[in-house]
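Asker: just the structure for this:
(chains A and B)
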Amino acid sequence: MALRTVCAAALRTGTDLGVNNARTIATTAVLSKRARPLGPMPNDDIDTSNLESLETYRSYNRYFRQAEEAKNKRVWWKTYRSYVEKRVDIGLPYWPPSRTKVVKERRQAMSENKRNVELERASRLRTLKIPLARVQETWEKTGGPFDIKKLADHYGVFRDLFPMAYFLPQVTLRISYSQDTDGQVHYGNQLTPTEAVSAPRIAFDAEEGSLWTLLLTSPDEHLLDNEAEYLHWLVGNIPGGAVQAGEELCHYLPPFPARGTGFHRYVYVLFKQEKPISFREDLRASPCHSLVDRTFKTVDFYRKHQDDMTPAGLAFFQSQWDQSLSYFMLPRLLPVYHPPQVKYPHRQPLRYLDRYRDGKEHTYGIY
Amino acid sequence: MALREINRSVRLLMGQIQRCGSGVASKHSARCLSQAAARPEPTPNVNEAVNPTFVNRNPRNLEQMALAVKDRGWKTTWPHQQFYHRLMFSRSQHHVTAEVFSYTSPVPVLTCSTKEWAVKKELASTNCVAACQAVGEVLAHRCQQAGIMRMVYRAIPWTYRSEGVQAFRAAMKQGGVILSEPRRKYVGT
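Answerer: Reported below is the predicted structural model:
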């Protein structure tokens, strides 16, 4: 009886079950046709006749290491990796220092720490205060670039600025909008447009005679095109570490995230140049207030100059709408309306004449 | 306040906008001056145009506005998955590790561990309570720099009372991290 129901169930077609892709007896027979494999099978090289003589792993770690190597080995059959598009590394090559020397020094330092009496007492009595500044400094030199890259992936910076590419930000960018620690730009911290209203102070380690390019873009701000960015600041051919001495191709425009749209990202990218580059096509008008001129795509800019510069530094912050932005757009980006000029302006201040100077320097100030 | 109202009324009354900014040819304004009668400005103001379907591509935007979807369900398992970021603290025989995970991927977004040289060189012992506290302080500092200040922390119940976990928790809270997340806002459509 059970066999009969099983056979009946097996002979049921797709229309009975209400499914489109059900396999019938005929199709199953075709799929179960046995043929020779198209290439060597994975464990063919192991001689299974005498299993006792085979060498064993004897430890989990040894097996794990070999398993990791086997995972990355190229194989002749199609795997998930061949379908997922690989990202290209467009940054500077990473050369870690010699491992044996580093390990020896560290082991020495650790044994000294263990012998240190004050450190042990502080740990025991739980009064140990770890110096965060020193930890930050060492972190920037050792594992910092990798953590910044992970965070940049989390924030989608590489996906939006350089599609299908990434880079390791090996140069530490120190950007501060104000003197105290609140105005610093790290990798994702929140700043208000009021804090970011003027150009920040930039510091990075650069040797004499090296040339750099600094770029500030915002991939989320564009009002018309969802795939384009707005260029806020572009300085090229920076000698050494002095951003003031560089060629300002686009003057600094403070962030202006639209109200209600939430948090926008503002990304600082530092490129290392091999030789002086002529940025003639990228030069914008001296105070550039036209958003059409500031529409920008980092990919296109980088592709134009990719032979001479590589991205080396990265920093980004987030910002949302602020009360100070309600009147920011109007006088500068949205030009002000003035009625036609009259010869005898009644009850107008002296700066009435400044309004009709066609953008020349205002001489009357507040009068 | 009065000035703001005057500005607003001026803006409302004036229909057309005259281009007075820099970078405009002088002949254009001369033409405007000569034609004193109100003639509508032919070119619309390009800077004002906004796409009706404005998209903010920042992946962290929706969760910071508490609008992103939290993974509901999982009621028969522990812990729950309703979070935007979660904090994981683990102590092994020799080291102490703390990681911050986002709900989007199994790879941690931020880590701090005594295995890192930056932390290891300041400590005498890498698995004591002082090490847990140090890891908490350093991770709180990194979270502040990364802009991730709110996360969910659910310790394994019998480890919660231990001094290491308490020290770690205290250090994170001292560093400014809030160990709870805002409730999700349900907006219609």
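Asker: let me see the ranges of the strands in the stretch 151-300 of chain A.
Answerer: A:165-166, A:174-176, A:184-185, A:187-190, A:201-203, A:211-218, A:229-239, A:247-250, A:264-273, A:295-296 (DSSP state E, counting those that start in this stretch).
Asker: just name the shakiest helix or strand of chain B by mean pLDDT.
Answerer: helix B:26-34 (a mean of 39; mean pLDDT, DSSP states H and E).
Asker: which residue ranges of chain B form strands?
Answerer: B:85-91, B:96-102, B:110-113, B:152-153 (DSSP state E).
Asker: longest helix anywhere in chain A?
Answerer: helix A:99-115 (DSSP state H).
Asker: an error on my part: the question was meant for chain B.
Answerer: Longest helix in chain B, counting by DSSP H: helix B:129-146.
Asker: pull the number of nearby residues for A:Arg355.
Answerer: 16 (other Cβ atoms under 10 Å in any protein chain shown). (Each C-beta comes from the backbone N, C-alpha and C, glycine too.)
Asker: and the gap between it and chain B?
Answerer: A:Arg355 sits 7 Å away from chain B, going by Cβ to the nearest Cβ, to the nearest Å.
Asker: ok but that residue is inside a helix, no?
Answerer: Yes - checked against DSSP: H, G, I helix; E, B strand; the rest coil, A:Arg355 lies within a helix.
Asker: quick check, pLDDT for the residue lying closest to it once chain neighbours are set aside.
Answerer: Excluding its sequence neighbours, the residue lying closest to A:Arg355 (Cβ to Cβ, 6 or more residues apart in numbering or on different chains) is A:His338, at 4.9 Å. Listed pLDDT for A:His338 reads 80.
Asker: isn't A:His338 up against A:Arg357?
Answerer: No - with contact defined as Cβ atoms under 8 Å, A:His338 and A:Arg357 do not form a contacting pair (10.9 Å).
Asker: which residues does A:Leu215 form beta bridges with?
Answerer: Following DSSP bridges, A:Leu215 is listed with bridge partners A:Leu234, A:Val269.
Asker: burial measure for B:Gln174, as a count.
Answerer: 12.
Asker: hang on, I meant A:Asp307
Answerer: Neighbour tally, A:Asp307, other Cβ under 10 Å: 10.
Asker: how about B:Thr159?
Answerer: 13.
Asker: so who does it touch?
Answerer: B:Val165 (Cβ atoms under 8 Å, 6 or more residues apart in numbering or on different chains).
Asker: next one: it from chain A, what distance?
Answerer: 18 Å.
Asker: ranges for the helices of chain A?
Answerer: A:2-11, A:14-17, A:25-31, A:60-72, A:80-83, A:99-115, A:117-125, A:132-141, A:144-154, A:157-161, A:291-294, A:298-304, A:329-332.
Asker: establish whether stretch B:51-64 and chain A are in contact.
Answerer: Yes - residues of stretch B:51-64 contacting chain A under Cβ under 8 Å from any Cβ of the partner chain: B:Asn51, B:Thr53, B:Phe54, B:Val55, B:Asn56, B:Arg57, B:Asn58, B:Pro59, B:Arg60, B:Asn61, B:Leu62, B:Gln64.
Asker: give the ChimeraX command for selecting the buried subset of those residues.
Answerer: Provided next is the ChimeraX selection string for whichever of the residues of stretch B:51-64 next to chain A are buried by 16 or more other Cβ atoms under 10 Å in any protein chain shown:
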select /B:56,57,58,59,60,61,62,64
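Asker: what's the domain layout of chain A?
Answerer: Using the TED database, the domain parsing of chain A gives A:97-129, A:132-320.
Asker: what about residue 84, neighbour count?
Answerer: The chain I'm using is chain A. 8.
Asker: oops, I was thinking of chain B
Answerer: 23.
Asker: who are the contact partners of it?
Answerer: B:Glu63, B:Ala68, B:Lys70, B:Ser102, B:Tyr103, B:Arg150, B:Met151, B:Glu181.
Asker: do that again at 6 Å, thanks
Answerer: Residues in contact with B:Tyr84 (Cβ atoms under 6 Å, 6 or more residues apart in numbering or on different chains) are B:Glu63, B:Tyr103, B:Glu181.
Asker: circling back to that earlier point, ok, now how distant is the residue nearest to A:Arg355 from A:Thr363?
Answerer: 17 Å (Cβ to Cβ, to the nearest Å).
Asker: cool, A:Leu125 as well?
Answerer: 69 Å.
Asker: re earlier: which of the contacts of B:Tyr84 count as buried?
Answerer: Using 16+ other Cβ under 10 Å, the buried ones in the contacts of B:Tyr84 are B:Glu63, B:Tyr103, B:Glu181.
Asker: looking at these, which are in helices?
Answerer: Using DSSP H, these in helices are B:Glu63.
Asker: can you give me the pLDDT of the residue lying closest to A:Phe316 once chain neighbours are set aside?
Answerer: In this structure, A:Phe316 finds its nearest non-sequential neighbour in A:Val267, 4.3 Å apart by Cβ to Cβ, 6+ apart. On pLDDT, A:Val267 comes in at 96.
Asker: any stretches of the stretch 1-150 of chain A with poor pLDDT?
Answerer: A:1-30 (pLDDT under 70).
Asker: residues from it in reach of chain B?
Answerer: A:109, A:113-114, A:119-120, A:123, A:126, A:128, A:130, A:132, A:135, A:138-139, A:142-143 (Cβ under 6 Å from any Cβ of the partner chain).
Asker: what about residue 176, how many neighbours?
Answerer: Going with chain A. 15.
Asker: hmm, no, I was thinking of chain B.
Answerer: 11.
Asker: residue contacts, it?
Answerer: B:Gln144.
Asker: where does chain B have low pLDDT?
Answerer: B:1-46, B:188-189.
Asker: return the most buried member of the domains of chain A.
Answerer: Highest mean neighbour count among the domains of chain A (mean count of other Cβ atoms under 10 Å in any protein chain shown): domain A:132-320, with a mean of 18.
Asker: that domain: end-to-end distance?
Answerer: 29 Å (Cα to Cα, to the nearest Å).
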